[in-house]
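Asks: Predicted model and sequence follow; I will ask about them next.
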Protein chains: 2
Amino acid sequence: MRYFMTFSYDGSGFKGYQKQIKERTIQGELEKAITKINKDIPVKVHSSGRTDALVHAYNQKAHFDLDNEFDVGKLKNSLNSLLPDDIYVRGITIVDDDFHARYSVKAKEYIYKINLGIYNPIERNYVFQYNKRLDISEMERALKYIEGEHNFKSFTKNDSEKENYVRNIIQATLVRDPKNINFITISLLGTGFLRYMVRNIVGLLIEVGEGKIKSEEVIDIIAKEDRTASGICAPACGLYLKDVYY
Amino acid sequence: MRYFMTFSYDGSGFKGYQKQIKERTIQGELEKAITKINKDIPVKVHSSGRTDALVHAYNQKAHFDLDNEFDVGKLKNSLNSLLPDDIYVRGITIVDDDFHARYSVKAKEYIYKINLGIYNPIERNYVFQYNKRLDISEMERALKYIEGEHNFKSFTKNDSEKENYVRNIIQATLVRDPKNINFITISLLGTGFLRYMVRNIVGLLIEVGEGKIKSEEVIDIIAKEDRTASGICAPACGLYLKDVYY
């Protein structure tokens, strides 16, 4: 029986998604809870992909297999009662055996939150606090160059030679909160993302907003296919995996 | 020289506002930082009042005295560099010696946040998660009975006999977030508040919303001047000191 679940987490208290010996991780906590339900027979959880340490998720998705058929509503409640309070299973469904939470992904949406206003200690782990002026219109122009199918090698780790770096960004937007003009959210919807790609795009956007890089230069930076051509990496705490589409 | 400051804090990591030996408290952290600036000569911080463990503040206010005259902008920056990242000084001004952060208070505003929707692990320390249906209109009617000058003995700890329990609630409102109908904020503006008063009022409101108590019964509950006549105490994590007025 293949179960497919949607879950949220606060990344602040984890050393990332992926299981690690002796470290508190999201995968580790999920597998511990599901294994308990499975009468201590180990269960592997296959997510749509990892998220890095301190990154949050609203609707992360994963599948896992159990021999027994459970009522999905009861399974959800049992899991939530076993999980720590910084992970929450929002829903579980039963899927076909050929469905795979990672390989069947059609698109993912990430959002990145920036506070340009007064520092709010309550949100310190949930937004990137940035206290310089940013030219928002110039950032919006730069985002338009990010949209489309490109080789995004300039926006990932430089260590892997073999990987295919081409990804398609379907939509890239920047929204100012109408109730708080100093609060901006950058959204990226794409068919796939490389490691650190969103944070590196946001880092470049910030340099565009500061005036260090012109929006048109983003075209050259993409073309260079070289991480050193691009800018800073924005901190993890502002990043959220918003949704995964199949 | 009397300095008056406005500051925010995330109450999650503190054992309340008031200084305690061996416990991490907001007053303790503030006095440590200010004493350091004062060349290790101890400084006492006088706030507008305490907040309990896990309660947050947007605009808490306090005064303290220093022999030296500091530039208030620089003093603010020095303090923020010494303070932990869950406390933030928003502003400092110089005030007359007869101004007192506690005794000069004219009114205070508290807000209480309740999430009736899906549990969000990211907000677990910042809202009260409540998963039963609530009759919002009935709660709003009950709030109208809270407004005005009353003896609020039914809404505080029952142990002190001598205190004056009369307080004036200038305005009591309930607002649903237009973008998220399941998110409600209760605001209480009053000339003063007793210990646990806001949480006890919110607890009673929840019982009204559940239909256990009728809105009109609030009148009798106030009249009884007895804590046992009222309802539950809502958890601390949903409570914020929003502002203090002088």
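Replies: Received, thanks.

Asks: What residues are bridge-paired with the residue lying closest to residue A:192 once chain neighbours are set aside?
Replies: In this structure, residue A:192 finds its nearest non-sequential neighbour in residue A:167, 5.0 Å apart by CB to CB, 6 or more residues apart in numbering or on different chains. Bear in mind the C-beta positions are built from the backbone N, C-alpha and C, glycine included. Per DSSP bridges, the residues bridged to residue A:167 are residue A:150.

Asks: how deep is residue A:167 tucked in, by neighbour count?
Replies: Counted with other CB atoms under 10 Å in any protein chain shown, the neighbours of residue A:167 add up to 18.

Asks: okay, now the domains of chain A?
Replies: Per automatic domain parsing, the structural domains of chain A span A:2-95, A:107-245.

Asks: ok, now which ones touch residue A:50?
Replies: Residue A:50 makes contact with A:16, A:17, A:18, according to CB atoms under 8 Å, 6 or more residues apart in numbering or on different chains.

Asks: In which helix or strand does residue A:215 reside?
Replies: Using DSSP states H and E, residue A:215 maps to neither a helix nor a strand.

Asks: What separation do you get for it and chain B?
Replies: Distance of residue A:215 to chain B, given as CB to the nearest CB, to the nearest Å: 30 Å.

Asks: So the residue positioned nearest the centre of chain A: helix, strand or coil?
Replies: The residue lying closest to the centre of chain A (CA atoms, centre = their mean) is residue A:241, at 3.3 Å. Look at residue A:241: counting by DSSP: H, G, I helix; E, B strand; the rest coil, its state is strand.

Asks: from what I can see it touches residue A:62, true?
Replies: No - counting by CB atoms under 8 Å, residue A:62 is not a contact partner of residue A:241; they are 11.6 Å apart.

Asks: Between the two, which contacts overlap?
Replies: Jointly contacting residue A:241 and residue A:62 under the rule CB under 8 Å, 6+ apart are residue A:48.

Asks: Low-confidence stretches in chain A?
Replies: Scanning chain A for pLDDT under 70 picks out the ranges A:159-162.

Asks: interface residues of it facing chain B?
Replies: Contacts of chain A with chain B, taken as CB under 8 Å from any CB of the partner chain, map to A:8-10, A:56, A:58, A:85-88, A:90, A:118-122, A:124, A:126.

Asks: Are any of those residues buried, and if so which?
Replies: Buried subset of those (neighbour count, 16 or more other CB atoms under 10 Å in any protein chain shown): A:8-10, A:56, A:58, A:86-88, A:90, A:119-122, A:124, A:126.

Asks: Farthest pair within the residues you listed?
Replies: Within those, two members stand farthest from each other by CB to CB: A:90 and A:119, at 30.7 Å.

Asks: returning to that earlier point: residues in contact with the residue nearest to the centre of chain A?
Replies: Applying CB under 8 Å, 6+ apart, the residues near residue A:241 are A:48, A:51, A:55, A:56, A:57, A:58, A:59, A:60, A:108, A:109, A:110.

Asks: switch the cut-off to 6 Å
Replies: By CB atoms under 6 Å, 6 or more residues apart in numbering or on different chains, residue A:241 lies in contact with A:51, A:57, A:60, A:110.

Asks: so of these, which ones are in strands?
Replies: Among those, DSSP state E puts A:57, A:60, A:110 in strands.

Asks: Highest neighbour count among these?
Replies: Most neighbours among the ones in strands among the contacts of residue A:241, by other CB under 10 Å: residue A:60, with 29 neighbours.

Asks: can you count the residues close to residue A:95?
Replies: There are 17 residues near residue A:95, going by other CB under 10 Å.

Asks: try residue A:169
Replies: By other CB under 10 Å, the residues close to residue A:169 number 22.

Asks: Same question for residue A:158.
Replies: Applying other CB under 10 Å, we find 10 residues neighbouring residue A:158.

Asks: For it, give its distance to chain B.
Replies: For residue A:158 relative to chain B (CB to the nearest CB), the value is 31 Å.

Asks: What of residue A:232?
Replies: Relative to chain B, residue A:232 is positioned 20 Å away (CB to the nearest CB).

Asks: ok so residue A:108 is a strand residue?
Replies: Yes - counting by three-state DSSP, residue A:108 is part of a strand.

Asks: so who does it touch?
Replies: For residue A:108, the contacting residues are residue A:244, by CB under 6 Å, 6+ apart.

Asks: What of residue A:105?
Replies: Residue A:105 neighbours (CB under 6 Å, 6+ apart): A:48, A:244.

Asks: helix, strand or coil for it?
Replies: Following three-state DSSP, residue A:105 is assigned to coil.

Asks: Quick check on it: phi, psi?
Replies: With angles defined as degrees, to the nearest 10, residue A:105 sits at phi -60, psi 130.

Asks: Now do the strands in chain A.
Replies: For chain A, the strands defined by DSSP E occupy A:2-9, A:46-47, A:56-65, A:87-95, A:107-115, A:128-129, A:148-151, A:166-177, A:180-190, A:239-245.

Asks: Give me the angle between the last one and strand A:107-115.
Replies: Relative orientation of strand A:239-245 with respect to strand A:107-115: 160 degrees, computed using axes from the mean of the first three to the mean of the last three CA atoms, to 10 degrees.

Asks: Of the contacts of residue A:241, just say which sits nearest to residue B:233.
Replies: Out of the contacts of residue A:241, the member with the shortest distance to residue B:233 (by CB to CB) is residue A:57, at 32.7 Å.

Asks: Surely that closest one and residue A:10 touch.
Replies: No - Residue A:57 lies out of contact with residue A:10 (CB atoms under 6 Å); the separation is 8.9 Å.

Asks: Can you name every helix or strand that the longest helix along chain A contacts?
Replies: Using DSSP state H to define each element, chain A has its longest helix at helix A:197-210. Secondary-structure packing of helix A:197-210 (3 or more CB pairs under 6 Å, 6 or more residues apart in numbering or on different chains; DSSP states H and E): helix A:136-146.

Asks: Report the backbone C-alpha coordinates of the helix it packs on in PDB.
Replies: Coordinates of each C-alpha in helix A:136-146 appear next as PDB, following Å, rounded to 0.1, in the frame of the first residue of the first chain:
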ATOM      1  CA  ILE A 136      11.900  47.000  -6.100                       C
ATOM      2  CA  SER A 137      11.000  47.800  -9.800                       C
ATOM      3  CA  GLU A 138      14.600  46.900 -10.800                       C
ATOM      4  CA  MET A 139      14.200  43.600  -8.900                       C
ATOM      5  CA  GLU A 140      11.000  42.900 -10.700                       C
ATOM      6  CA  ARG A 141      12.600  43.500 -14.100                       C
ATOM      7  CA  ALA A 142      15.500  41.100 -13.100                       C
ATOM      8  CA  LEU A 143      12.900  38.400 -12.200                       C
ATOM      9  CA  LYS A 144      11.600  38.500 -15.700                       C
ATOM     10  CA  TYR A 145      15.000  37.400 -17.000                       C
ATOM     11  CA  ILE A 146      14.900  34.500 -14.600                       C
END
